[in-house]
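**Student:** this one's structure only:
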């Protein structure tokens with residue numbers, strides 16, 4: 001981590017606290033450790049005080065032990081989504097081919113690539129800024145990111161080969177988007193938040209296409225809300241996937257896991273959720 005710059009911590013904390021930042025001391029420490037000059041630190045404080053998410057101000061987010069590069073306008077990976085990564089690794093600890101749809105910054109793909117030694121990792125998003133970030137975050141692992149609409153963005157050669165398919169799809173119902181915190185609704189792309197009338201429109205498309213792309217025994221994982229969990233499970237089941245719900249109450253995380261049935265019994269299978 002860079003050496004902290006000579007810029008008054010007290011002044012930074014005061015400015016952040018005046019802007020309504022609840023964790024002003026922690027944020028000040030991160031800003032001062034990241035900034036390379038006092039001028040850069042001052043600019044970062046100004047942007048944070050103006051309401052930009054801290055991670056976009058810093059240019060990175062901590063996620064599953066990694067520092068994930070971000071730029072303004074790109075969806076910020078949430079801590080609760082680390083639970084999805086853990087579930088994917090438990091379900092398919094030997095996965096050789098990973099695809100991350102609706103990848104945003106590529107945080108999920110990068111975390112899985114870091115944990116799965118030598119796995120082939122691909123990611124896709126419809127937003128060009130997200131794809132730029134994902135390419136940078138996947139490059140150290142030899143992963144690739146593509147711009148396009150869900151499966152249309154992927155190389156055809158992946159069909160029937162994917163062991164782990166993650167899709168952190170937008171799942172906020174359209175009518176509830178205006179109720180989101182300002183950091184999200186004003187500084188993250190609408191396409192990463194708005195899941196349609198019931199919040200499940202993108203999920204239905206992902207689940208319907210998954211069996212054609214998954215290897216026998218391969219699994220699809222997505223995050224959802226507690227309120228939508230039962231409906232999301234039904235979406236997976238309708239697509240022909242063997243489905244279960246994993247919950248981490250501490251993180252308020254709900255992950256739906258669907259496995260493409262394997263007549264031969266080969267390939268990774270969805271293990272029971274630890275402690276659930």
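**Tutor:** Structure received. Just so it is clear, the structure is predicted and the values come from calculations on it, not from any experiment.
**Student:** list the buried residues in the helix or strand bottoming out on mean pLDDT in the chain.
**Tutor:** Among the helices and strands of the chain, helix 182-187 carries the lowest confidence by mean pLDDT, DSSP states H and E, at a mean of 82. Going by neighbour count (16 or more other CB atoms under 10 Å), the buried part of helix 182-187 is 184, 187. (C-beta placed from N, C-alpha, C; glycine too.)
**Student:** for the next helix or strand after that helix, the distance to its chain's centre please.
**Tutor:** As assigned by DSSP states H and E, the chain's next helix or strand after helix 182-187 is helix 201-213. Relative to its parent chain, helix 201-213 has a centroid offset of 17 Å by CA atoms, centre = their mean, to the nearest Å.
**Student:** same question, stretch 146-161
**Tutor:** For stretch 146-161, the distance to the chain centre is 18 Å (CA atoms, centre = their mean).
**Student:** any weak-confidence spans in the protein?
**Tutor:** Low-confidence segments of the chain, defined by pLDDT under 70: 1-7, 263-276.
**Student:** where do the helices sit along it?
**Tutor:** Assigned by DSSP state H, the helices in the chain fall at 9-18, 24-34, 38-49, 54-58, 82-91, 107-115, 128-138, 182-187, 201-213, 229-238.
**Student:** format these as TSV; extra columns: distance to residue 260.
**Tutor:** Compiled in TSV, the helices of the chain are given as follows (distance: least, CB to CB, whole Å):
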stretch	distance to residue 260
helix 9-18	48
helix 24-34	41
helix 38-49	44
helix 54-58	34
helix 82-91	12
helix 107-115	18
helix 128-138	24
helix 182-187	33
helix 201-213	5
helix 229-238	11
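**Student:** which of those is buried the deepest?
**Tutor:** With neighbours taken as mean count of other CB atoms under 10 Å, these reach their highest mean count in helix 107-115, at a mean of 26.
**Student:** let me know the angle separating that one from helix 128-138.
**Tutor:** Angle between the axes of helix 107-115 and helix 128-138 is 10 degrees (criterion: axes from the mean of the first three to the mean of the last three CA atoms, to 10 degrees).
**Student:** distance from helix 107-115 to the middle of the chain?
**Tutor:** Distance of helix 107-115 from the chain centroid (CA atoms, centre = their mean) equals 10 Å.
**Student:** which other helices and strands does it contact?
**Tutor:** Contacts defined by 3 or more CB pairs under 8 Å, 6 or more residues apart in numbering; DSSP states H and E place helix 107-115 against strand 60-63, strand 66-69, helix 82-91, strand 97-101, strand 120-125, helix 128-138, strand 162-167.
**Student:** can you lay out those as a markdown table showing distance to residue 48?
**Tutor:** As requested, these are exported to a markdown table (distance: least, CB to CB, whole Å):
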| stretch | distance to residue 48 |
| --- | --- |
| strand 60-63 | 14 |
| strand 66-69 | 18 |
| helix 82-91 | 23 |
| strand 97-101 | 28 |
| strand 120-125 | 25 |
| helix 128-138 | 19 |
| strand 162-167 | 30 |
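**Student:** closest to residue 242 out of these?
**Tutor:** Checking those against residue 242 by CB to CB gives helix 82-91 as the closest, at 11.3 Å.
**Student:** what angle sits between the closest one and strand 162-167?
**Tutor:** Computed with the same axes, to 10 degrees, the direction of helix 82-91 lies at 170 degrees from that of strand 162-167.
**Student:** quick one: list the elements packing against helix 82-91.
**Tutor:** Here helix 82-91 touches helix 107-115, strand 162-167, strand 214-224, strand 242-248, strand 253-259, going by 3+ CB pairs under 8 Å, 6+ apart.
**Student:** turn the ones you listed into TSV, including distance to residue 98.
**Tutor:** As requested, these are exported to TSV (distance: least, CB to CB, whole Å):
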stretch	distance to residue 98
helix 107-115	5
strand 162-167	5
strand 214-224	10
strand 242-248	18
strand 253-259	15
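**Student:** nearest to residue 39, of those?
**Tutor:** Taking CB to CB, helix 107-115 is the member of those nearest to residue 39, at 29.4 Å.
**Student:** what residues does that closest one touch?
**Tutor:** Residues outside helix 107-115 that contact it (CB atoms under 8 Å, 6 or more residues apart in numbering): 61, 63-66, 68, 77, 81-82, 84-85, 88-89, 95, 98, 100, 103, 119, 121-123, 134, 137-138, 140-143, 145, 164, 166, 168.
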